[in-house]
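Engineer: Build me a model from this:
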Amino acid sequence: MDPYKPAKIVMDALDKAVAKVTALLPPAIPGAPASEPPPVSPPDEPREPLPRKADQASPAARTPTGAETEAPADAVGQRGEYLTTGQGARLYDTDHSLKAGERGPTLLQDHHLREKITHFDHERIPERVVHARGAAAHGVFVGYGTAAKVCKAELFGKGTQTPVFVRFSTVVGSRGSADAVRDTRGFATKFYTGQGTFDLVGNNIPVFFIQDGIKFPDIIHAAKPHPDREIPQAQSAHDTFWDFVSLHTEATHHVMWQMSDRAIPRSYRMMEGFGIHTFRLVNAEGETALVKFHWKPRAGVHSLVWEEAQLINGVDPDFHRRDLADAIESGAFPQWELGIQVFPDTPKQTFEGIDLLDPTKIVPEELAPVQPIGMMTLNRNPTNFFAETEQVAFHPGHLVPGIDITDDPLLAARLFSYLDTQLTRLGGPNFAQIPINRPHAPVNDMFRDGFHQDAVHAGVAPYKPNTLDGGCPFMAGEGTAYIEVPQAVARSTKLRRSPASFADHLSQPRLFWRSLTPVEREHVVRAFTFELGKCYEQAIKERELQVLANVDGELCAQVAAGLGLPAPEPNQPAHQVTASPALSQLGRTWPPDGRTIGIVVDSDHLNGLRGLTGAITAAGMVPLIIAAHGGSLDDGLHAQRTFLTARSVEFDALLLAASPPPARDAPASRNGTGKPSPVDPRVVTMVEECFRHAKAIGGWGSAKAALEAAGATTGDPGVIVGDDPTEVLNHVIELLGTHRVWERFPTTVS
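Structural biologist: Next comes the predicted model:
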């Protein structure tokens, strides 16, 4: 039997369901701030609050103890036509404080002023120490049934649908930092199963900086802004970070990933997710296996280039947040296939010589293929960022029957830390009763009281054993209860050490480097050179170069040349490794779903554009028309961007329906040369950047002038010029399958 057949059946069914929902969604251009367009004049007829937008959802309407209610999900939102106090008393004015006369002092008895200001003063809660900046979405996970041999968890059953809430995030930056920074990304998934909540809390990089959780404060303190000046924000390009990782060589593998394109994803929709740790699964017969979890995006794994990321952080710091929300609103629902690498549960807990308890190591997919076990589709945006995205609380210890932990020393610390941090951040032990965190299974925990207790517990005996409450709650049988796998614990001496198998810090960084294509290696070299070049202390640069020399001589030599320093000789022999093609992002093709296509037009070249935008929408992409001015154009078309407001980083590909002359807001004095230009200089800049960032460019009609002004010609790779706009579009869509026109990138690395 084809093991992928169930996966294909479910994927086809999901595609059909997505198509049906897409047909009911709003127009393809996302971004409307409200569910109805506003009038020019302020409304004066009282009405109920507007409904949610069609792309939005709220947490399921359940009680604090997990019971379903008949209330619609939006019943938790504001109600009524009139402004009220927090206790529901209607107000006639909220613009003026209560004063002793028009010019007199404000009175202390103004209860509305006090309530309004007091609540405002306490709107903020502590942000997360790490993963502070994030974005999230609601969705559904559908099991394939293929995990039954190794796991009895109900959520993996064939056709079982489980609601999920997924939060993506950066690690180092504050909540107000930018999205497109070089950083690890969090990928945390909350499964609301009937057996309890399961949290798969991972990252988009499969390895961690450290092997033991006791060092987590050290790496985060090193990566965060310097404590004296609180700079730089959301960056690793500074002395404290490189001081730590150059001294702490177990971080080298993660550093290699962070200096690669993986650390600046094109979109949350286009990055992998990894559970990092090795978990233990249990099947219905009580047999165990060790596994690593993988999320594989159906859109492929794609990244930004460094200059593109720098532009984005200035032009649109919310780039990843906006991309995720806009894709869902436009019906291009992101999807990931969940897979597992399966290993025998042996006493040594190793596989092919790789220690499975070492979170700085991977198992190459060529040695242990990723077996698909389910598909996740994100199909609704949050209704309220704070209530959902900010207050969601994840914890690696939220497990369900069939899934257990291992003795990974990093995971052990996370099991303590994640629970502990919620007590301060969310104001006490009852954070699980916040709507976004409420389980979808009955809760009878005997926990009582505390800050923000929303449940109203009945009975008089919150203890075991009891008879006063009829003996309730009772203990579950082994068939339905969560039971830790009985593992023998060896009698040994207490000590603060790591096993000898943790001592190899360099073979896998070399494996990663040798598995990349030349263009990807070029980007790694540039990243190391940039980051170390931002360090002040020379000793730190020299120390890290020695680490790189022990990883790979060519890598070290290239970075040293960029820093103007001599390349040291390795002081350890180079490891012999076999490349893992699965670690490269290149070499495959992917669907164009959710991509954004910019179309430059002028008022004299609009023929056929309506059909072209329709074809782009039908292909699951978003067309954005760029014109000299916003608003309505001829033929019923509307410009979503202007030459002033558009920038190349917003588009995955660019189409030129014309070479528009300078608009009225682009006189020669503003084009940088002071000389008249036949093409609007901002359009030329757009084309130049798209060409430099190796994006597909297409044109027809008079587009040749804009291409030539930008230094791009018809013979250049990925520059498509023709007479038929539809044919040009089809070629561009084909090029989007590989994300970029990679041959346009020069490389100096073999």
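
Engineer: Where do the strands of the stretch 451-600 of the chain begin and end?
Structural biologist: 596-600 (DSSP state E, counting those that start in this stretch).

Engineer: Let me see the ranges of the helices in it.
Structural biologist: Assigned by DSSP state H, counting those that start in this stretch, the stretch 451-600 of the chain shows helices spanning 507-515, 518-533, 538-551, 553-563.

Engineer: How far off centre is the first one?
Structural biologist: Taking Cα atoms, centre = their mean, to the nearest Å, one finds helix 507-515 lying 25 Å from the centre of the chain it belongs to.

Engineer: same deal with the last one?
Structural biologist: With Cα atoms, centre = their mean as the basis, the distance from the averaged C-alpha position of helix 553-563 to the chain average is 32 Å.

Engineer: Contacts made by it with the rest, please.
Structural biologist: Contact with helix 553-563 is made by 513, 521, 524-526, 528-529, 532-533, 541, 545, 548-549, 566-568, 570, 574, 748-750, as judged by Cβ atoms under 8 Å, 6 or more residues apart in numbering. Where you see a C-beta, it was placed from the backbone N, CA and C, and this is true even at glycine.

Engineer: again, only using 10 Å
Structural biologist: Residues outside helix 553-563 that contact it (Cβ atoms under 10 Å, 6 or more residues apart in numbering) are 256, 259, 509-510, 513-514, 521-522, 524-533, 535, 538, 541-542, 544-550, 552, 565-570, 574, 748-750.

Engineer: Report the inter-axis angle for that helix versus helix 538-551.
Structural biologist: Per axes from the mean of the first three to the mean of the last three Cα atoms, to 10 degrees, the angle that helix 553-563 makes with helix 538-551 is 160 degrees.

Engineer: Return helix 553-563 as CSV; C-alpha atoms alone will do.
Structural biologist: Output of helix 553-563 as CSV, limited to C-alpha atoms (Å, rounded to 0.1, in the frame of the first residue of the first chain):
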residue,chain,number,x,y,z
GLY,A,553,38.4,26.2,5.6
GLU,A,554,36.7,27.9,2.7
LEU,A,555,34.0,29.3,4.9
CYS,A,556,36.6,30.8,7.3
ALA,A,557,38.8,32.2,4.4
GLN,A,558,35.8,33.9,2.8
VAL,A,559,34.6,35.5,6.0
ALA,A,560,38.2,36.5,7.0
ALA,A,561,38.7,38.2,3.7
GLY,A,562,35.6,40.2,4.2
LEU,A,563,36.7,41.3,7.6
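
Engineer: how close does the residue of the chain most remote from its centre sit to residue 249?
Structural biologist: Centroid-distance maximum for the chain: residue 101 at 54.5 Å, with Cα atoms, centre = their mean. Remark: distance between residue 101 and residue 249 (Cβ to Cβ, to the nearest Å) = 73 Å.

Engineer: Sketch out the low-pLDDT regions of this protein for me.
Structural biologist: 1-28, 635, 667-675 (pLDDT under 70).

Engineer: swap the cut-off to 50 and go again
Structural biologist: Applying pLDDT under 50 to the chain flags residues 1-11, 13-15, 17-27.

Engineer: Check whether residue 111 really touches residue 117, as I assumed.
Structural biologist: No: counting by Cβ atoms under 10 Å, residue 117 is not a contact partner of residue 111; they are 11.0 Å apart.

Engineer: so what sits against both of those two?
Structural biologist: Counting by Cβ under 10 Å, 6+ apart, nothing touches both residue 111 and residue 117.

Engineer: what's near enough to touch the closest residue to residue 706 other than its chain neighbours?
Structural biologist: Using Cβ to Cβ, 6 or more residues apart in numbering and skipping the chain neighbours, the partner closest in space to residue 706 is residue 659 (3.9 Å). Neighbour list for residue 659: 600, 602, 605, 678-680, 683-684, 687, 699, 701-709 [criterion: Cβ under 10 Å, 6+ apart].

Engineer: Of those, select the buried ones using a PyMOL command.
Structural biologist: PyMOL command restricting these to the buried ones, with burial defined by 16 or more other Cβ atoms under 10 Å:
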select buried, resi 600+602+605+679+680+683+684+687+699+701+702+703+704+705+706+707+708+709
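
Engineer: Take the contacts of residue 659 and keep only those in strands.
Structural biologist: Of the contacts of residue 659, the ones assigned to strands by DSSP state E are 600, 699.

Engineer: List the ones among the contacts of residue 659 that fall in helices.
Structural biologist: Of the positions in the contacts of residue 659, 683-684, 687, 703-709 sit in helices, assigned by DSSP state H.

Engineer: For my notes, please list those residues in JSON lines and give distance to residue 128 for each entry.
Structural biologist: As requested, these are exported to JSON lines (distance: Cβ to Cβ, whole Å):
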{"residue": "683", "distance to residue 128": "42"}
{"residue": "684", "distance to residue 128": "43"}
{"residue": "687", "distance to residue 128": "40"}
{"residue": "703", "distance to residue 128": "47"}
{"residue": "704", "distance to residue 128": "51"}
{"residue": "705", "distance to residue 128": "51"}
{"residue": "706", "distance to residue 128": "45"}
{"residue": "707", "distance to residue 128": "46"}
{"residue": "708", "distance to residue 128": "50"}
{"residue": "709", "distance to residue 128": "47"}
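
Engineer: Among the residues you listed, find me the one that's closest to residue 183.
Structural biologist: residue 687 (30.0 Å; Cβ to Cβ).

Engineer: Was I right to think that closest one contacts residue 647?
Structural biologist: No: judged on Cβ under 10 Å, residue 687 makes no contact with residue 647 at a distance of 11.9 Å.

Engineer: check contacts around residue 204.
Structural biologist: 168, 183-187, 257, 262-263, 265, 268, 270-274, 295, 297, 301.

Engineer: Out of the helices of the stretch 451-600 of the chain, which gets nearest to residue 351?
Structural biologist: Set against residue 351 and scored by Cβ to Cβ, those come closest in helix 507-515, at 13.6 Å.

Engineer: Just the buried residues of that closest one, please?
Structural biologist: Using 16+ other Cβ under 10 Å as the test for burial, helix 507-515 gives 507-515.

Engineer: of all the residues you listed, which comes closest to residue 357?
Structural biologist: residue 508 (14.7 Å).

Engineer: ok so, going back, show me the two of the buried residues of helix 507-515 that sit farthest apart.
Structural biologist: 507 and 515 (12.4 Å).

Engineer: hmm, back to that, now list the buried members of the contacts of helix 553-563.
Structural biologist: By neighbour count, with 16+ other Cβ under 10 Å, the contacts of helix 553-563 hold 256, 259, 509-510, 513-514, 521-522, 524-529, 531-532, 535, 541-542, 544-550, 552, 567-568, 570, 749 as buried.

Engineer: what about residue 421, which SS state?
Structural biologist: helix (DSSP: H, G, I helix; E, B strand; the rest coil).

Engineer: which ones are touching it?
Structural biologist: With the criterion set at Cβ under 10 Å, 6+ apart, residue 421 makes contact with 126, 128-130, 393, 395.

Engineer: Now with 7 Å, please.
Structural biologist: Residue 421 is in contact with no residue at all, counting by Cβ atoms under 7 Å, 6 or more residues apart in numbering.

Engineer: ok, it to residue 150 distance?
Structural biologist: Per Cβ to Cβ, residue 421 is found 32 Å from residue 150.

Engineer: how many other residues sit next to residue 440?
Structural biologist: 18 (other Cβ atoms under 10 Å).

Engineer: correct me, but it touches residue 190?
Structural biologist: No: in this structure, residue 440 is not within contact of residue 190 by Cβ atoms under 7 Å, at 10.3 Å.

Engineer: Bridged to the closest residue in space to residue 627 that isn't next to it in sequence, which residues?
Structural biologist: In space, and not counting its chain neighbours, residue 627 is closest to residue 639: 3.8 Å by Cβ to Cβ, 6+ apart. Note on residue 639: beta-bridge partners residue 631, judged by DSSP bridges.

Engineer: is it true that residue 639 touches residue 632?
Structural biologist: No: the pair residue 639 and residue 632 fails to qualify as a contact (Cβ under 7 Å) at a distance of 8.0 Å.
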